[in-house]
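Trainee: model this:
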Amino acid sequence: MSQERRRLGALSEEIAARFLRSRGYRIAERNVRLRQGEIDIVAWDGNVLVFVEVRSRKGDRLAETLESVNSRKRRRLASLAQAYLQRYRLDGVTCRFDVVAVTWDASGTPRVQHLPAAFELA
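Mentor: Prediction:
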């Protein structure tokens with residue numbers, strides 16, 4: 001992964017975290033590393049634990065950005081969420097998966113779209 005892409009990804013995650021905080025979410029952790037991979041953001045929305053996937057793209061391809069969370073990625077996120085719940089012994093906690101898409105226009109201005117409950121735990 002190029003250094004520019006990593007920088008854009010990190011900046012997009014920061015923007016997503018600020019966006020979620022502005023909507024009343026409490027950020028529990030960011031960039032949670034587990035054996036199976038990484039969860040971008042774990043947050044509380046009231047008493048619901050939310051696993052957030054942050055996607056970023058240059059250009060005005062919002063639909064493509066949201067669609068990039070395909071069935072394979074959803075299965076991986078579900079597996080990561082289950083590992084997280086086991087790690088912290090969070091049996092019985094209500095969970096959900098959100099996607100935050102950050103698209104960057106030609107002038108470098110970010111646009112944020114939030115999809116709460118983007119998919120279900122399979």
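
Trainee: For the residue nearest in space to the middle of the chain, which non-adjacent residue is closest in space?
Mentor: With distances taken as Cα atoms, centre = their mean, residue 53 lies nearest the centre of the chain, 1.9 Å away. Spatially, and ignoring its direct neighbours in sequence, residue 53 is nearest to residue 99 (5.0 Å; Cβ to Cβ, 6 or more residues apart in numbering). For the C-beta atoms, the positions are set from N, CA and C on the backbone; glycine is no exception.

Trainee: Show the secondary-structure elements that the helix or strand harbouring residue 51 is packed against.
Mentor: Using DSSP states H and E, residue 51 sits in strand 48-58. For strand 48-58, the packing partners by 3 or more Cβ pairs under 8 Å, 6 or more residues apart in numbering; DSSP states H and E come out as helix 3-22, strand 37-45, helix 62-67, helix 71-87, strand 95-104.

Trainee: May I see these arranged in TSV, with mean pLDDT and mean neighbour count as well?
Mentor: Shown next, in TSV, are those (pLDDT from 0 to 100; neighbours: other Cβ atoms under 10 Å):
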stretch	mean pLDDT	mean neighbour count
helix 3-22	93	15
strand 37-45	97	18
helix 62-67	64	15
helix 71-87	93	15
strand 95-104	93	22
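
Trainee: what secondary structure does the residue of the chain most remote from its centre sit in?
Mentor: For the chain, the residue at maximal distance from the C-alpha centroid (Cα atoms, centre = their mean) is residue 107, at 24.2 Å. Following DSSP: H, G, I helix; E, B strand; the rest coil, the label given to residue 107 is coil.
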